[in-house]
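>>> Pasting a predicted model and its sequence here:
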Amino acid sequence: MDVQPWYRQPWPWFLIALPATAVVGSLLSATLAIRTSDQVVEADYYKRGLAINDELARRDRAAALGLTAHLTIAGSHAGETVTLRLVGKDAIPPEAVVQMSAAPSGNGDSEVSLALALASRSSDGREAVFRGIWPKDVGTEGHERARYLVVETAAWRLDGDVHIAPGTLTLPPQPLQD
């Protein structure tokens, strides 16, 4: 009978390889844990979650009121007039000012925010007109600029992707008819 020493047998090496793999893996994990930072995705995640819930509630309120915003834009340069006509199936909450912001869609521009002041209101309260002016340019001459537009108050919110160009646009954006 030819007996080989233990180190020439395959089974001892297989049994040694299992814990050795675990040791190497734990050393790699420890190295990664030491070299990388442990940052939270959102530092104020709870407050952000509450803000999202509030935003959703205000969207639902706008839908319940049947609000539609018709925005008439004279141009996309600073100082040009913006007129907002709100129409609702029920009476619109009496607001003196409506906040509007246009955030860029995919380019390096900054967000443009403005306050629109109440200009007139219908006698039944289902329609109101607000006016304001662009505080800075939101587009370039002859080019439509895709933006995420938000029109809101403390009670309701309308938003959607639009193209800022002279003329009239509607929020929420109307689906295309085939």
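It's in.

>>> what's the spacing between Glu95 and Leu71?
16 Å (CB to CB, to the nearest Å). All C-beta spots, glycine's among them, are computed from the backbone N, C-alpha and C.

>>> and what of Pro93?
Taken as CB to CB, the span from Pro93 to Leu71 is 19 Å.

>>> Check Lys89 too.
19 Å.

>>> what does Asp38 give?
45 Å.

>>> Equivalent analysis for Ala62, please.
With CB to CB as the criterion, Ala62 and Leu71 are 15 Å apart.

>>> mind listing what the nearest residue to Ala155 once chain neighbours are set aside touches?
With CB to CB, 6 or more residues apart in numbering as the criterion, Ala155 has its nearest non-adjacent residue at 4.7 Å, and that residue is Pro93. Pro93 makes contact with 65, 153, 155-156 under the criterion CB atoms under 8 Å, 6 or more residues apart in numbering.

>>> Filter those down to just the ones in helices.
In helices, judged by DSSP state H, the following of these are found: Leu65.

>>> which of the contacts of Pro93 tops the neighbour count?
With neighbours defined as other CB atoms under 10 Å, the most crowded of these is Trp156; it has 23 neighbours.

>>> State the number of residues packed around the closest residue to that one other than its chain neighbours.
Nearest residue to Trp156, sequence neighbours excluded (CB to CB, 6+ apart): Ala62, at 4.0 Å. By the criterion of other CB under 10 Å, Ala62 has 24 neighbours.

>>> Can you give the contact residues for the host helix or strand of Ala62?
In this assignment (DSSP states H and E), Ala62 forms part of helix 45-65. Here helix 45-65 makes contact (CB under 8 Å, 6+ apart) with 42, 88-90, 92-93, 152, 154-159.

>>> Over to stretch 149-158?
By CB under 8 Å, 6+ apart, stretch 149-158 touches 55, 58-59, 61-62, 65, 67-69, 71, 84, 93, 95, 97-103, 159-162, 164, 169, 171-172.

>>> Swap in 6 Å and give it another go.
Residues from elsewhere that reach stretch 149-158, judged by CB atoms under 6 Å, 6 or more residues apart in numbering: 58-59, 61-62, 69, 93, 95, 98-102, 159, 162, 171-172.

>>> And for stretch 117-136?
78-88, 91-92, 96-98, 112, 114, 116.

>>> among those residues, which are in strands?
The strands, defined by DSSP state E, take in 81-87, 97-98, 112, 114, 116 from the contacts of stretch 117-136.

>>> Would you list the buried entries among those?
Among the ones in strands among the contacts of stretch 117-136, the ones that count as buried by 16 or more other CB atoms under 10 Å are 82-87, 98, 112, 114, 116.
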